[in-house]
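Peer 1: after the sequence you'll find the predicted model.
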Amino acid sequence: MNCRLRFRLLSSITALLPILLSGAVSSAANDETPAVQKPVLVEARRIWDKAKHNAFTDLLRYKDRWYCVFREGSAHVSPDGSLRVITSTDGVKWESIALVTSPKFDLRDAKLTTTPDGRLMLNGAGMIADADVRYYSMVWFSSDDGHTWTAGRQIGDPGFWLWRTQWHDGMAYTMGYSTERDRTQRKLRLYRSKDGSAFETLVEQLSAPAGCGEDTILFRKDQTALCLLRHETGDKMAQLGTASPPYTDWKWRNLNLRIGGPNMIQLPDGRILAATRLYDGGARTSLSWLDPQNGTLTEVLKLPSGGDTSYAGLVLHEGLLWISYYSSHEERTSIYLAKVRIPAL
C-alpha cells in the first residue's frame, strides 16, 4: 500500500470515529431504558360503585370476555363482606353475574384464575373479626362462565391467609401468611395444589422477615420464580424472593419502597411492571419497574387514585395493559379500570 492510499484510509477512519462512538453511546443508553421508559395512561374509568365500599379487585380475560371480582361491604372491614363478579365484552359496559356470600364470614380479597381443566377459580379469605382464629382461606369454582359458584371450601391451614394463586406447569402456588394480631409473630408458608381445591404445604416456614404477607409470584421463562411481598414490621420495605425449581429454597432481599396489595406482570420483552399501593407522599396506586438484579422499584405512573386504594388486577391484551383497582379519591370507594400503553424498547 503506497503512502497516499494509507493516508486516505487513516483519514476516513478518523472521520468515522465520532459516528461510531455516537452509536456506541446510543446503544448503551438503550440498555438502560427499562428504568426510564414511562408507560402512558390511555384512559381510566369508574366501572362499579353500587355498594358503600367496593374494594380489593382482580381481573381476568376468559373466553373473549372480561371478568372482574371485588369485595362489596358497608366498610373496609365489616361482617357483610361479599364477593361481586362482573363481566364485560368491551371493558365499558359491565354487568353483575354473581354475588358470593357467606352467613359466617366477611369475605375478602378474591383472586381470579383459570384452572388447567378450564374452570374459573376464586380464592380469598373469610374473616371473623372477634374470633380466636380470625381468618380461613377459601376457594370457589364455576363451570358455567361465572354465573354460579360452588360452595366455599376451606383450604390451607386455619389462621393462614393464602393470598394470590399462580398456576405453573399444572400446579397452583401461593404464599400463605399467619394472621396473629401481633405482626412480629407472623410466619410465611408456601403452598401448592394439583387441582386448586386442596393445598399442601411445600415450605413450612420461609425465611422472609416476620410481618410479611400479600404476595404475588411470577414464574419466568427460565423456570426461576420471583415473589413480591408486602412487609409490615421493622423498616416495612417490600421483600423480593427468588427461587429455582422445586421452589423450596428462597432467598430474600429488601427493596427500596413500602408497598401494599402487590401484583406484577412480565412483558414479552422481559421487563417487569409491578402494580402496588405506595405510601411515601400519600397513598396511591402506581406502576413501578421492578429491577430484580438491583432490588429496586422505580415508580413510573400514578393511576388516578388516593386514600383507600390499590389491589390491582393485571392483564396484557392487544398491546395494552388493563388494570383493575379500587380507590376513594372520588368520594365513595369504587372500582376503576385503567388502560396503559407501554412504550417499546
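Peer 2: Perfect, thanks for sending it.
Peer 1: CA only for contacts and neighbour counts going forward, please
Peer 2: OK.
Peer 1: now do the contacts for the residue most central in space within the chain.
Peer 2: For the chain, the residue nearest the mean C-alpha position is Asn263 (1.1 Å; CA atoms, centre = their mean). Under the criterion of CA atoms under 8 Å, 6 or more residues apart in numbering, the neighbours of Asn263 are 215-216, 228, 274-276, 311-314.
Peer 1: quickly find the element holding it.
Peer 2: Per DSSP states H and E, Asn263 falls inside strand 259-266.
Peer 1: adjacent strands (with direction) for the following helix or strand past that strand?
Peer 2: Per DSSP H and E, the first helix or strand lying C-terminal to strand 259-266 is strand 272-278. If you go by DSSP bridges, strand 272-278 pairs up with strand 259-266 (antiparallel), strand 284-291 (antiparallel).
Peer 1: turn those strands into JSON lines, including distance to Thr87 and mean pLDDT.
Peer 2: Shown next, in JSON lines, are the strands paired with strand 272-278 (distance: least, CA to CA, whole Å; pLDDT from 0 to 100):
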{"stretch": "strand 259-266", "distance to Thr87": "21", "mean pLDDT": "98"}
{"stretch": "strand 284-291", "distance to Thr87": "23", "mean pLDDT": "98"}
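Peer 1: how close does the residue nearest to the centre of the chain sit to Met138?
Peer 2: Per CA to CA, to the nearest Å, Asn263 is found 20 Å from Met138.
Peer 1: separation between the residue lying closest to Ala243 once chain neighbours are set aside and Asn123?
Peer 2: In this structure, Ala243 finds its nearest non-sequential neighbour in Trp250, 4.8 Å apart by CA to CA, 6 or more residues apart in numbering. Distance, Trp250 to Asn123, by CA to CA: 24 Å.
Peer 1: higher neighbour count, those two?
Peer 2: Neighbours per residue, other CA atoms under 10 Å: of Trp250 and Asn123, the larger number sits with Asn123, 25 against 17.
Peer 1: about what we covered before: distance to Lys52 added to the strands paired with strand 272-278, as TSV?
Peer 2: Formatted as TSV, the strands paired with strand 272-278 follow (distance: least, CA to CA, whole Å):
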stretch	distance to Lys52
strand 259-266	21
strand 284-291	20
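Peer 1: who does Leu190 form a beta bridge with?
Peer 2: Met175, Val203.
Peer 1: so it touches Ser207, yeah?
Peer 2: No. Judged on CA atoms under 8 Å, Leu190 makes no contact with Ser207 at a distance of 11.0 Å.
Peer 1: looking at those two, which one has more neighbours?
Peer 2: Shown here are Leu190 and Ser207; by other CA under 10 Å, Leu190 has more neighbours (21 against 14).
Peer 1: so what's that one up against?
Peer 2: Contacts of Leu190 (CA under 8 Å, 6+ apart): 173-176, 201-206.
Peer 1: now list the buried members of those residues.
Peer 2: 173-176, 201-203, 206 (16 or more other CA atoms under 10 Å).
Peer 1: strands of the stretch 51-200 of the chain, start to end?
Peer 2: For the stretch 51-200 of the chain, the strands defined by DSSP state E, counting those that start in this stretch occupy 53-62, 65-73, 82-88, 95-100, 106-114, 120-127, 135-142, 153-155, 160-162, 166-168, 171-178, 188-193, 200-203.
Peer 1: which of the residues in stretch 148-168 are buried?
Peer 2: For stretch 148-168, using 16+ other CA under 10 Å, the buried residues are 149, 152, 154-157, 159-167.
Peer 1: an error on my part: the question was meant for stretch 192-201.
Peer 2: 192-194, 196-197, 199, 201.
Peer 1: I'd like to know which of these is nearest to Pro79.
Peer 2: Using CA to CA, Ser197 is the member of the buried residues of stretch 192-201 that lies nearest Pro79, at 24.9 Å.
Peer 1: so the closest one sits against Val139, correct?
Peer 2: Yes. Counting by CA under 8 Å, Ser197 does reach Val139; the two are 6.8 Å apart.
Peer 1: mutual contacts of these two, please.
Peer 2: Common neighbours of Ser197 and Val139 (CA under 8 Å, 6+ apart) are 153, 155.
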